Structure formats: C-alpha cells, structure tokens
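# 3D model of this:
(chains A, B, C and D)
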There are 2 protein chains.
Amino acid sequence: MAQSAVADDVFYALSNSTRRRVLEQLSTGPATVSELAAPFDMRLPSFVQHLSVLEQSRLVKSKKRGRVRTYELAPERFKVAENWLSERRREWEARLDRFDEYVKQLKEKESAS
Amino acid sequence: MAQSAVADDVFYALSNSTRRRVLEQLSTGPATVSELAAPFDMRLPSFVQHLSVLEQSRLVKSKKRGRVRTYELAPERFKVAENWLSERRREWEARLDRFDEYVKQLKEKESAS
DNA sequence: CCAATACTTAGGTCAAGGCCTAAGTAATTA
DNA sequence: TAATTACTTAGGCCTTGACCTAAGTATTGG
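Now for the predicted structure:
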C-alpha cells in the first residue's frame, strides 16, 4: 500500500468523533467490545463497524478469547499522522523564518540608507 | 460548533491525499487555484471542491483579487489535530509508565522474598 | 442442556463524497 | 470591444459511509 493510502486510512479513521472517543477510551487501557460500546447510543452492529474501521487503519488491534473480543491501542500507526503534521509545521515555520530574515534585512538596508 | 465537530472537519479534510498534497504545496507558500490544480489529473470543478473542503475546515484561507483566488495555509487549525494526537500519546505513555512501575515493584517484592 | 451472553452476518435505507460535463460570470488582454 | 483567462455554478452519476433491523453463531453460566 502506498504511503499516502496509509495516511488516508489513518486520518479517515480519526475523522469521526465516535471513533476518536473509542481511541480516547483505549488510551487508558484495553477494553472489550461491550465496554467500548456502552457509552454510545448506537446499535451494536453499527458500533462494531467503527471498531472495524479503526482496526483496518491499524490504530488498534484486537484479539478474541472465548466469546469476548478485546481491543487495545496500536500506537505505532499514530506516528503516520503525527509525522505528517510535524513535517508540515517544519516546512511552514522554515518559510516564515526565511520571511522574517528577509524583512530584517530589508530594515537593515533601509536604516543604512 | 462543538469542539469535536471541529476535529471531525479537520481530520476529514486531512483524510484525502489530494487535499494533503495541496496542504504540502501550501506549506511552501501561498498559491492560486490554477497553480494548485496544475499537478492534478482532475477537472477544475472537482479540484475546487477539495479547496472548499480545506477552507471549510479552516486549514487554509483564500482571497480573491480580480479573477484570481489565492490560497494560503492557516496554521492555527492544525493544532486541533496536533493537540488531539499529543493528548492521546500523553495518556497512553502515562499508562505504560505506570505499568513499568508496577512490573518493577513486582520484581522488587520477588527478590525480597 | 438450556438460556443468556457476546458478538457477527446479512441486507436495507438514506445522505454525503468525489468525480464528471456543460454552461455560466467577471476580470484582463490584445 | 472581442477574446481569453480564471474561476464558479448547476446538476448528474455512482460509490462509500453511517446508521438500522433481523437473524445467526459460538461461548459460558446455571
């Protein structure tokens, strides 16, 4: 899968507040489907779709023991989003620094005249 | 607008690779609609929809002078995504630290017995 | 072993997303 | 002022997304 497709999946998974709330919950530790579903006013099959989106994006992973499926965070994939964002920030800040430098030099020339 | 709806918009805007490429381009400086569209094999009206998604999310802003519309990055909104992600990281790292501490104490008790 | 539990599968509705063509409008340029 | 440029608007097509109900399967507790 192309790098950008991974980012598509990750950002898409993050674009829904139900899914983000699940990730918030899982940040505090593993949980079962029922536990995760409890806070939401949504039928289980609908909710489980969200879990499957999260799992496909690999932001979480799950394991089934007996009839209980337990989810946990898979922190690695978060880096895809974090890295993309910090790369953008790096880029625009570098540009703004160059602009500041440019303005500074303009001023120096001005005061020298 | 609720905080989560803002995050919905931001992450949704970021979930498409065309839109991310536009943001990458804009990280290096402002650009017009035609300049931004040039690299893409897509009809202008379709492309412009992506720009409007970006603008609605407030990740970018634009201004029209004459017949030319110029876009630029609006860095502030990126923080919504950055903050959400760093908050999750903070949370799960705190948890893993607690777990390490727990394991460490287990080992101490063990060696004391 | 029977019922309850914890999901899972199948399939349906409706809105939104991403692309298109065709036809505008407004600002510039020749 | 006529043509070109730089978008913009309108509307259509098809797929995907987010929800639902109904019915299934596989454990497990009584």
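# Could you use CA atoms for every contact and neighbour count after this?
Fine.
# for DNA strand C, what are the nearby residues on chain A?
A:Thr32, A:Val33, A:Ser34, A:Glu35, A:Leu44, A:Pro45, A:Val48, A:Lys64, A:Arg67, A:Val68, A:Arg69, A:Thr70 (Cα under 7 Å from any atom of the strand).
# average pLDDT for the helix or strand containing the third one?
Meaning A:Ser34. Element membership of A:Ser34 [criterion: DSSP states H and E] is helix A:33-37. Mean pLDDT, helix A:33-37: 98.
# Return that helix as CSV; C-alpha atoms alone will do.
Output of helix A:33-37 as CSV, limited to C-alpha atoms (Å, rounded to 0.1, in the frame of the first residue of the first chain):
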residue,chain,number,x,y,z
VAL,A,33,-16.4,-4.5,22.6
SER,A,34,-19.3,-4.2,25.1
GLU,A,35,-17.3,-2.0,27.4
LEU,A,36,-16.4,0.3,24.5
ALA,A,37,-19.9,0.3,23.1
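# helices or strands up against the following helix or strand past it?
Toward the C-terminus, helix A:33-37 is succeeded by helix A:44-56 as the next helix or strand (DSSP H and E). Under the contact definition 3 or more Cα pairs under 8 Å, 6 or more residues apart in numbering or on different chains; DSSP states H and E, helix A:44-56 sits against helix A:3-14, helix A:17-27, helix A:33-37, strand A:60-65.
# Apply 6 Å and report the result again.
Contact partners of helix A:44-56 among helices and strands, from 3 or more Cα pairs under 6 Å, 6 or more residues apart in numbering or on different chains; DSSP states H and E: none.
# which sections of chain A are below the confidence cut-off?
A:1, A:113 (pLDDT under 70).
# Buried residues, the helix holding A:Ser34. List them.
By neighbour count with 16 or more other Cα atoms under 10 Å in any protein chain shown, helix A:33-37 contains the buried residues A:Val33, A:Leu36, A:Ala37.
# Tell me the one of those residues nearest DNA strand D?
Distance to DNA strand D across those (Cα to the nearest atom of the strand) is lowest for A:Ala37, with 10.8 Å.
# need the contact list for that closest one.
Contact partners of A:Ala37, counting by Cα atoms under 6 Å, 6 or more residues apart in numbering or on different chains, are absent.
# again, only this time at 10 Å
A:Ala37 makes contacts with A:Thr18, A:Val22, A:Ala31, A:Arg43, A:Leu44, A:Ser46, A:Phe47, A:Val48, A:Leu51, as judged by Cα atoms under 10 Å, 6 or more residues apart in numbering or on different chains.
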